[in-house]
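sequence first, then the predicted structure:
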Number of protein chains: 2
Amino acid sequence: MTFNLRIVLVEPLYQGNVGSVARAMKNFGFSDLVLVNPCKLENEARALASHAWDVLSSARLVTNIEQAIEGADVVVATTGITGLKTDEHIRMPPYTPHELKEKFNGTNGTIAILFGREDNGFTNDELKLSDMIVSIPTSEIYPIMNLSHATTIMLYEMSQIEAGEQQLADGFDLKLLNEHIGELLDDIQYPEHKKEKTHLMFKRIFGRAELMPREVQTLRGFFGKIQQLLK
Amino acid sequence: MTFNLRIVLVEPLYQGNVGSVARAMKNFGFSDLVLVNPCKLENEARALASHAWDVLSSARLVTNIEQAIEGADVVVATTGITGLKTDEHIRMPPYTPHELKEKFNGTNGTIAILFGREDNGFTNDELKLSDMIVSIPTSEIYPIMNLSHATTIMLYEMSQIEAGEQQLADGFDLKLLNEHIGELLDDIQYPEHKKEKTHLMFKRIFGRAELMPREVQTLRGFFGKIQQLLK
């Protein structure tokens, strides 16, 4: 297992941006591109991909984010500060690209970095699918970056990661752990109006902690034991 | 005096790139844009500048690099590794964008960052006008970045500089110091075929050293004294 970076563009509107992202990916040595319901990709996309036509043409096309993040161990959403329509359980301030790089130095596994729509970013429900939030520090006067520029900065930082021994928890196990916690909140009749927030808080904490597979197993065992005893 | 970053595009070929650069500059809070013999700037440049129309429209248009770097204290040329057609007196490896940021942290003054043509980069003579060379670490397979992507990375790093007390030597004084050394090489009848290389070496060393104004004055005094004694 090695370090793998996946770039996910969610419903990109402009084919030029998609082509430019493919080019930037190849510039930094990455090729795992997933497009969720993209715009039409024709001549302009190909022109801007330039010599990264292979990255563009091998991009995986899917119809929702769940499919796009399949197999990823950690899911990171990129958003401008202004894109955070809510601060519910989002670590404030969000990670900077450089902090993210530092966090993943010495690890291996698949990290999916999500980029939202050029006009509307992510919906709140989409943001909740991510384990971590990253935000590029920009000027307050004009913080809205071009999609391929934002991607380029993330690629630039991530390309400096040196893969290491520490294996990121397998995404699937992490998902099961999160489901466990959801069930447990039901089991203990946690106040209904707080349930979702608390569940999301756990998800974020585990995301930030970069759990190792053994830790995920241990946590699942721990919460499973509680569930058994409660029944 | 505060920290000021100037972006210089040398003979850009595509107006879309110029517009995109203006946008990225505003995203990171910069506005000092100089264009050396640019292509026509029409609707596409304006569209891609988006809300940075003010940066684009107030760009200074000049006909050569000498005019573009006027008033700058330090001149940095950005080039891909492949863009270095010669390694004459170029520090190998060149600075990374992050190293450059670290180098200028805590300083103030005007730094001009030059970007070459989309197709041919810089000529060797143009490279010699710079005090320092910076290169973005890219994949060897496809190192040629889009112009606005390369600019975005430099802006991203430079925007993290915290201005400080240490004033960069005034560009004009540094220029006089360099002229001094050229004269001195003549005076001591330095071997003709090595003269240019040695002169450039001094220029690069002083560039890397980020001389303070007092140091420039002292060096000028020192070399001036030698010149006087030789005559």
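Nice, I can see it.

can you tell me the element the residue nearest the centre of chain A falls in?
The residue lying closest to the centre of chain A (Cα atoms, centre = their mean) is A:V76, at 2.3 Å. Using DSSP states H and E, the element containing A:V76 is strand A:74-78.

now that strand, how far from the centre of its chain.
In terms of Cα atoms, centre = their mean, to the nearest Å, the centre of strand A:74-78 is found 2 Å from the chain centre.

list the contacts for the closest residue to A:Q160 other than its chain neighbours?
Closest residue in space to A:Q160, ignoring its immediate chain neighbours: A:K101 at 5.8 Å, by Cβ to Cβ, 6 or more residues apart in numbering or on different chains. The way it works is simple: take the backbone N, C-alpha and C, and place the C-beta from them, glycine included. Applying Cβ atoms under 8 Å, 6 or more residues apart in numbering or on different chains to A:K101 gives the contacts A:157-158, A:160-161.

for the residue nearest to the centre of chain A, what are its contacts?
A:95, A:100, A:111-114, A:130-134.

so which of those residues are also by chain B?
With the criterion set as Cβ under 8 Å from any Cβ of the partner chain, no member of the contacts of A:V76 is near chain B.

pull the most distant pair out of these.
Spanning the widest gap among the contacts of A:V76 are A:Y95 and A:A112, at 14.8 Å by Cβ to Cβ.

between the two, point out the one with more neighbours.
Here A:Y95 and A:A112 are compared on neighbour count by other Cβ atoms under 10 Å in any protein chain shown; more neighbours surround A:A112, at 26 against 18.

in chain A, which spans are strands?
Listed in chain order, the strands of chain A (DSSP state E) span A:3-10, A:32-36, A:60-62, A:74-78, A:107-115, A:132-134, A:166-167.

least reliable of those strands by average pLDDT, please.
The weakest mean pLDDT among the strands of chain A belongs to strand A:166-167, with a mean of 82.

what pairs with that one, parallel or antiparallel?
strand A:107-115 (parallel) (DSSP bridges).

hmm, A:I161 is touching A:K103, no?
No. At 9.4 Å, A:I161 does not count as touching A:K103 under the criterion of Cβ atoms under 8 Å.

and chain A, which residues reach chain B?
Counting by Cβ under 8 Å from any Cβ, chain A sits next to chain B at A:20, A:23-24, A:26-29, A:48, A:50-52, A:97, A:136-139, A:141-146, A:148-149, A:152-153, A:156, A:159-160.

returning to what we had before: any idea which of the contacts of A:K101 has the most stuff around it?
A:E157 (23 neighbours).

related to what we said a few turns ago, most tightly surrounded among the strands of chain A?
strand A:74-78 (a mean of 26; mean count of other Cβ atoms under 10 Å in any protein chain shown).

quick revisit: got the strands of chain A as TSV, with distance to A:A68 columns?
Formatted as TSV, these follow (distance: least, Cβ to Cβ, whole Å):
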stretch	distance to A:A68
strand A:3-10	5
strand A:32-36	5
strand A:60-62	5
strand A:74-78	9
strand A:107-115	7
strand A:132-134	16
strand A:166-167	22
